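Undergrad: With the sequence up front, the predicted model follows.
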Amino acid sequence: MTMSKLNKVLMISLLVICTLWLVVPFTMAVLWSLVDPSQPWTADKLLPPAMSFYRWIDMWQNSSLKSALFTSYALAPSAAVLCLLLAAPTAFALGRFKFPGREVAKTLCLLPLVVPPFITSIFFSSVLFQLGFTGWRFGAILFAHAVLFLPYAIRILTVSFEQVRQEHIDAARDLGASHWARFRVAYLPALKPGIFAALLIVFIQSIEEFAIAFIVGSPSIVTIPTLLFSALGQDFVRPNAAVLSLILVVPNVILMLVLEWLLKSANPTLSSGKG
Amino acid sequence: MGGKSLLKRLLLTAAALTVGTTAGFANDLSGMSWDQIVSQAKEEGKVTWYVWHLKDDLRRAIQSFEEEYGIDVVIPEGTDTGNNEKLLAERNRETGDIDVFAASSDAFQTLDASALFSPLTMLPEDDGRVSEFGGLDGGDYIRAYWGNQTGIAYDPAQVDETALPQTPEEIAQYWDAYPNKFGFNYQNGGSGPSFYQNVLRVISGKDFSNGEVTDEKVSALQSGFDFFNEHAENYLITTSNSDSITRISDGELAMAPAWEDHLSGLQKRGQVRKDIKFYIPEMGMNGGGNGVAIPRNAENPAAAAVFINWLTSPETQTAFNRDFGTAPMNEAADDSFALVPAAQRKFRAEWAAQPFQNKVADLFIDNVIFER
């Protein structure tokens, strides 16, 4: 078999596997979501014996799905941006200044991550309650997420700040660039991948955080994890779970495409001037 | 807010958390007559019930309370551990979000009832209400509202209903006659553990109601482990309560331990076949339950009291028995709608006391599951 033929065979098998990989679970999810409550779909039947859109209509009208989607997708990007702003000064100091104990300080910043989430959530929420943050629950969760996920943002941005090249800054200054212009031409290109990575990680952490969002937000604010834990845990109903997952796939696919586009535009080799 | 005062508040907060104060809250109903409590409840107009199971169905079930009293019931989304964490995190707030807190008897055993909850002595006299359930003594603070029962679910198309196995010996005969048609779980739910613990109790002839772990009790379990190991080829281990029932519905299994309310709920929601039946064997299988309490800092304590009074009344307990297949938690309730005839209820057993129960579970895994 020639190389080109082998390539063709391999390519076709890969396409078949990938298609099955996507098609089989999605088909199962779609079929399960259409199971009518009047008759269960048991293993001896290839297709559900009775199909309807009952679950879709019921979930959309009677669950907290709409408000949960809105809250989570408003909360996570806001928390990501706020966290980035809060992390930047510390990351700048750790990345650009040499001082005794710098490595210790870097490690200390990561320490909160080793505390079990159960402890953090109970005590941090309790502190928020005591500080009187409960008047605006959304704000309280936003603040909590921005503070709790600081270690990730600080760590990533510190590395980015370390990668900013001093000769770029000096050259910009020699050419008479203002503060803002220096930041734009010398700092920003090197920081960009770190900024996107930090935003992404905090976004993901925030959108999947359950305990604090539940303790502080409940009963008036529902986020996606609260809804998922609630629907997929104790009272797991497979057809309802299928509806929920199919609806949640939509924003995630859009996000994945945006992310792909962002990461392409933040190629570190282009910015550093080194191929 | 200045930096100093924020720091001061943070320090005070930390101090308050460390001490764990349970200051008196301004929601004391003592000294009020029941009529006064009901009228205050109507003024409050709302009660938030943190309950961790069957929330969608319970939202429908409480509509009759809302119509009767004009008090809105909010059942937030959430989970059992989430609710527990929220209860603990808010214990020092002057006014919390939880008016009525529901939990299983197991979960209540991890909480300090007298520090967290108000006494329910304001409720009208009703001897039928239950405060001792699932090995928990709720005292003045907790009342049961949801009784559940483990037993054996079976597929009548595959099992002779006139000769259902009742004792460990009869069950072993069934295993040998119909290999791999009987399955049970040892984790992810209590139905399987209820089954093997009762088999061990009957075969060992020991009293499990005393939680003490003694060498004598432990060595008596060996005959039970031998019983399971001798027949190991002929029964299956399932992964959870749900898995057991689903595999009966699919026709793979013919019998498996299950929770009565769980099976009934799955049947009502169209998840499993409606012809699956359930019985409590004569050897005894365990009952369990969920209870409710009012946190000390509830925002609507009167509405909470009126709600608990309704929830634990004979009428509501009868309705729960009809709609959810629960074992009624008021002695005056009618339990004729259950999956099992009332006469079988006498086979209800209690969970082995702790720490012996955990010891039995560990030993069962070591001596039976790992030997398979």
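TA: Sure thing, it's come through.
Undergrad: Now do the buried residues in stretch A:245-255.
TA: Neighbour-count burial for stretch A:245-255 flags A:245-248, A:255 (criterion: 16 or more other CB atoms under 10 Å in any protein chain shown). (Glycine included, C-beta is placed from N, CA and C.)
Undergrad: same question, stretch B:135-150
TA: Those would be B:135-136, B:138, B:141-150, for stretch B:135-150 by 16+ other CB under 10 Å.
Undergrad: Narrow these to those in helices?
TA: Among the buried residues of stretch B:135-150, no member is found in helices (DSSP state H).
Undergrad: Of the residues you listed, just say which sits nearest to residue A:205.
TA: residue B:146 (35.8 Å; CB to CB).
Undergrad: ok, back up a step: in TSV: the buried residues of stretch A:245-255, plus pLDDT.
TA: Formatted as TSV, the buried residues of stretch A:245-255 follow (pLDDT from 0 to 100):
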residue	pLDDT
A:245	86
A:246	89
A:247	87
A:248	84
A:255	83
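Undergrad: Which ones among the residues you listed map onto helices?
TA: Residues of the buried residues of stretch A:245-255 located in helices (DSSP H): A:245-248, A:255.
Undergrad: tell me the domain ranges of the chain?
TA: I went with chain A, as the question did not name one. Under the assignment automatic domain parsing, the domains of chain A span A:3-55, A:65-272.
Undergrad: hm, I was asking about chain B
TA: Using automatic domain parsing, chain B is parsed into the domains B:26-148+B:289-324, B:149-286+B:341-369.
Undergrad: And chain A, is the first one touching that?
TA: Yes - using CB under 8 Å from any CB of the partner chain, domain B:26-148+B:289-324 comes into contact with chain A via B:48, B:50, B:52-56, B:74, B:76-80, B:82, B:85-86, B:88-90, B:92-93, B:97.
Undergrad: Format the CA atom coordinates belonging to the helix or strand residue A:182 falls within as CSV.
TA: Element membership for residue A:182 (DSSP states H and E) is helix A:179-182. Listed next in CSV are the C-alpha coordinates belonging to helix A:179-182 (Å, rounded to 0.1, in the frame of the first residue of the first chain):
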residue,chain,number,x,y,z
HIS,A,179,3.2,55.0,29.6
TRP,A,180,0.2,53.7,27.8
ALA,A,181,2.1,53.3,24.5
ARG,A,182,4.9,51.3,26.3
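Undergrad: All the helices of the stretch 201-350 of chain B, residue numbers only.
TA: Applying DSSP state H, counting those that start in this stretch to the stretch 201-350 of chain B gives helices spanning B:215-220, B:222-230, B:241-249, B:260-268, B:301-311, B:314-324.
Undergrad: Could you check the angle the last one makes with helix B:301-311?
TA: Think helix B:314-324. Relative orientation of helix B:314-324 and helix B:301-311, computed by axes from the mean of the first three to the mean of the last three CA atoms, to 10 degrees: 70 degrees.
Undergrad: so who does the one residue in the stretch 251-372 of chain B that gets nearest to chain A touch?
TA: Of the residues in the stretch 251-372 of chain B, the one nearest chain A is residue B:270, at a distance of 3.6 Å by CB to the nearest CB. Listed by CB atoms under 8 Å, 6 or more residues apart in numbering or on different chains, the contact set of residue B:270 reads A:35-40.
Undergrad: Would you mind giving those residues as TSV with neighbour count and pLDDT added?
TA: Below are the contacts of residue B:270 laid out as TSV (neighbours: other CB atoms under 10 Å in any protein chain shown; pLDDT from 0 to 100):
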residue	neighbour count	pLDDT
A:35	25	89
A:36	17	87
A:37	16	80
A:38	10	81
A:39	15	81
A:40	24	80
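Undergrad: Get me the contact residues on chain A for chain B.
TA: Counting by CB under 8 Å from any CB, chain A sits next to chain B at A:35-40, A:42-44, A:62, A:64, A:118, A:121-123, A:125-127, A:129-131, A:134, A:210-211, A:214-215, A:218-219, A:222, A:226-227, A:229-230, A:233-239.
Undergrad: could you redo the last one with a cut-off of 6 Å?
TA: A:37, A:40, A:42-43, A:64, A:122, A:125-127, A:129-130, A:214-215, A:218-219, A:222, A:226-227, A:229-230, A:233-235 (CB under 6 Å from any CB of the partner chain).
Undergrad: still on that earlier bit, give me the buried subset of the residues of domain B:26-148+B:289-324 next to chain A.
TA: By 16+ other CB under 10 Å, these give B:48, B:50, B:52-56, B:74, B:76-80, B:82, B:85-86, B:88-90, B:92-93, B:97 as buried.
Undergrad: Which members of those occur in helices, if any?
TA: Using DSSP H, those in helices are B:55-56, B:80, B:82, B:85-86, B:88-89.
Undergrad: Lowest-confidence one in the residues you listed?
TA: The pLDDT minimum for those sits at residue B:56, where the score is 80.
Undergrad: tell me, which of the helices of the stretch 201-350 of chain B is the model least confident about?
TA: Among the helices of the stretch 201-350 of chain B, helix B:260-268 scores lowest, with a mean of 87.
Undergrad: Can you show me the CA trace of that one as CSV?
TA: Extracted C-alpha coordinates of helix B:260-268, given in CSV (Å, rounded to 0.1, in the frame of the first residue of the first chain):
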residue,chain,number,x,y,z
GLU,B,260,-40.5,1.5,48.4
ASP,B,261,-40.8,5.3,47.8
HIS,B,262,-37.9,5.2,45.2
LEU,B,263,-39.6,2.5,43.2
SER,B,264,-42.9,4.1,43.4
GLY,B,265,-41.4,7.5,42.3
LEU,B,266,-39.6,5.9,39.3
GLN,B,267,-42.8,4.2,38.3
LYS,B,268,-44.9,7.4,38.5
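Undergrad: show me what contacts residue A:216?
TA: Each residue near residue A:216 by CB atoms under 6 Å, 6 or more residues apart in numbering or on different chains is listed here: A:125, A:128, A:137, A:140-141.
Undergrad: do that again at 8 Å, thanks
TA: Residue A:216 touches A:125, A:128-129, A:133-134, A:137, A:140-141, A:144, counting by CB under 8 Å, 6+ apart.
Undergrad: Any figure for the gap between the spatially most central residue of chain A and residue A:79?
TA: With distances taken as CA atoms, centre = their mean, the residue of chain A nearest its centroid is residue A:204 (1.6 Å). Look at residue A:204 and residue A:79: by CB to CB, to the nearest Å, they are 11 Å apart.
Undergrad: So for chain B, the centremost residue is which one?
TA: residue B:289 (3.1 Å).
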